[in-house]
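Engineer: Next comes the sequence, and after it the predicted model I'd like to discuss.
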Amino acid sequence: MLKLMSHEIRNPLNGILGLTDLMRTPDMSEEQSEYVNMIETSGNILLSLLNNMMNFNINEAGKTVIHDDPFDLVGTIENTVYLYAGIAAGKNIELGLNLELNVSQVFVGDEVKIGQLLAHVIQYAMDSTREGSVLITAVVNGEETEETGTLVLKVRYTGQMLLDIQKLIGSNLGLAVSQNLAILMHGRIQVDRMMENETEFQISLPLRRYWELPQLASVQQRLKGRKVLLAKDPDILQGVSSLMRRWEMDVHMTSGSTVAHDWIKEGFKPDVAVVDMGLREGGAVDFVHELKQRLENLPVLALVPYGMHIALHEAESFDAVLTKPVRQADLLNALSITLP
């Protein structure tokens, strides 16, 4: 019965969502645009609720099948988090992703279910955060030589946990689906109040290591010891610096252009510069121009916040432009191309 109802509701709902795209025109007033956005947001909420009901019903009926296939764990997590970059930008929330994982490592598990589980938790965190940040971290515990390990995903957000774990999950359909999926994958979900105004979900799932991709491993090997000047303001997003350090690159990080210039005067010669376009002190573009005057052939990578656009004349100053949160594969590819 629920399946039939889902079909009957989903069709007109998709029609409404499709019409909202057709309604948008360049000459729309701000008020009209706001009304269209409200229709689209309401429709997406209803569609999400319908999907959650279907998933919960399937789980409760014991019809969910868990697959064990080789998959890209880093890509799965990054793609899931990236879905919420636009929402975070719209709410002016800082979205961070720190992975203590290597993009060259392949794991065995259910890629779709892990992504779905994480998405529900992130959605709850985003809904519960009015201002502040949402930070997702991931690590696989256990030695790399061991066949199995435990994936630990943490989603920390700015907001209070008003209920205990069972009441909280019982009051939210998406979290209930996530808990069921975690149990089916022999894992669990915990919720902790970290500080007065911070809450953290912790998802633990057993995973089996499969193999390491030799092409990516060889690129990482080539980056060892290369000197990096990383210019970025302090924030929760330490992913880029931790990634390059994990690849054993020599990272010098600063939030000030003055400090960077002092290092260069003292004899520091970076192989590559990575500059955040949100850099406050000195301004990112002016900082890059000054760098190139001192070090003429220095390759420079730009880190751009989601939704930010760079003018064509500014983009010409950079060898590559990466959108935050930065994907491991994109960063690795940019470094491998710019560093001979």
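Structural biologist: Yes, it's here. Everything numeric in this text was worked out from a predicted model, so none of it was measured.
Engineer: give me the number of residues near Ser33?
Structural biologist: Counted with other C-beta atoms under 10 Å, the neighbours of Ser33 add up to 13. Just so you know, the C-beta spots here come from the backbone N, C-alpha and C atoms, and that holds for glycine as well.
Engineer: same deal with Met249?
Structural biologist: Met249: 21 neighbours (other C-beta under 10 Å).
Engineer: mind listing the helices for the stretch 1-150 of the chain?
Structural biologist: 2-23, 30-60, 73-82, 85-90, 111-128 (DSSP state H, counting those that start in this stretch).
Engineer: closest one to Glu316 among those helices?
Structural biologist: Within those, the stretch nearest Glu316 is helix 85-90; the backing value is 25.0 Å (C-beta to C-beta).
Engineer: in the protein, which segments are predicted with low confidence?
Structural biologist: 1-8, 10, 41, 44-45, 47-64, 144-145, 162-166, 169-170, 234-238, 279-282 (pLDDT under 70).
Engineer: so what's Glu30 up against?
Structural biologist: By C-beta atoms under 8 Å, 6 or more residues apart in numbering, the contact list for Glu30 is empty.
Engineer: thinking again about what came up before, pipe the helices of the stretch 1-150 of the chain into TSV and attach distance to Val219 per row.
Structural biologist: Converted to TSV, those look like this (distance: least, C-beta to C-beta, whole Å):
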stretch	distance to Val219
helix 2-23	40
helix 30-60	38
helix 73-82	14
helix 85-90	26
helix 111-128	23
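Engineer: Longest strand in the chain, please.
Structural biologist: Under DSSP state E, the strand in the chain containing the largest number of residues is strand 198-212.
Engineer: Put the alpha carbons of the helix or strand that that strand is followed by into PDB.
Structural biologist: Downstream of strand 198-212, the next assigned helix or strand under DSSP states H and E is helix 214-223. Only the C-alpha atoms of helix 214-223 are listed here, as PDB (Å, rounded to 0.1, in the frame of the first residue of the first chain):
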ATOM      1  CA  PRO A 214      49.200   1.600  -7.600                       C
ATOM      2  CA  GLN A 215      48.800   4.700  -9.900                       C
ATOM      3  CA  LEU A 216      47.700   7.000  -7.100                       C
ATOM      4  CA  ALA A 217      50.300   5.500  -4.700                       C
ATOM      5  CA  SER A 218      53.100   6.300  -7.100                       C
ATOM      6  CA  VAL A 219      51.900   9.900  -7.500                       C
ATOM      7  CA  GLN A 220      51.900  10.300  -3.700                       C
ATOM      8  CA  GLN A 221      55.400   8.800  -3.600                       C
ATOM      9  CA  ARG A 222      56.600  11.500  -6.100                       C
ATOM     10  CA  LEU A 223      55.200  14.300  -3.900                       C
END
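Engineer: what comes into contact with helix 214-223?
Structural biologist: For helix 214-223, contacts defined as C-beta under 8 Å, 6+ apart pick out 102-104, 244, 247-249, 329, 332, 335-336, 339.
Engineer: Tell me which helix or strand comes right after it.
Structural biologist: Sequence order places strand 227-231 as the next helix or strand after helix 214-223, per DSSP H and E.
Engineer: so what secondary structure elements neighbour the next helix or strand after that next one?
Structural biologist: For strand 227-231, the following helix or strand on the C-terminal side (DSSP H and E) is helix 239-246. For helix 239-246, the contact count by 3 or more C-beta pairs under 8 Å, 6 or more residues apart in numbering; DSSP states H and E identifies strand 94-100, strand 227-231, strand 250-254, helix 328-338 as packing neighbours.
Engineer: Out of the ones you listed, the one nearest Glu290 is which?
Structural biologist: When the helices and strands packed on helix 239-246 are compared by C-beta to C-beta, strand 227-231 sits nearest Glu290, at 11.1 Å.
Engineer: Centre of the chain to the closest one, how far?
Structural biologist: Centroid separation between strand 227-231 and its chain, computed with C-alpha atoms, centre = their mean, to the nearest Å, is 22 Å.
Engineer: Can you name every helix or strand that it contacts?
Structural biologist: For strand 227-231, the elements it packs on are helix 239-246, strand 250-254, helix 257-265, strand 272-276, helix 284-294, judged by 3+ C-beta pairs under 8 Å, 6+ apart.
Engineer: Take those and lay them out in JSON lines including distance to Leu229 and mean neighbour count.
Structural biologist: Formatted as JSON lines, these follow (distance: least, C-beta to C-beta, whole Å; neighbours: other C-beta atoms under 10 Å):
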{"stretch": "helix 239-246", "distance to Leu229": "11", "mean neighbour count": "19"}
{"stretch": "strand 250-254", "distance to Leu229": "6", "mean neighbour count": "17"}
{"stretch": "helix 257-265", "distance to Leu229": "6", "mean neighbour count": "15"}
{"stretch": "strand 272-276", "distance to Leu229": "4", "mean neighbour count": "23"}
{"stretch": "helix 284-294", "distance to Leu229": "8", "mean neighbour count": "17"}
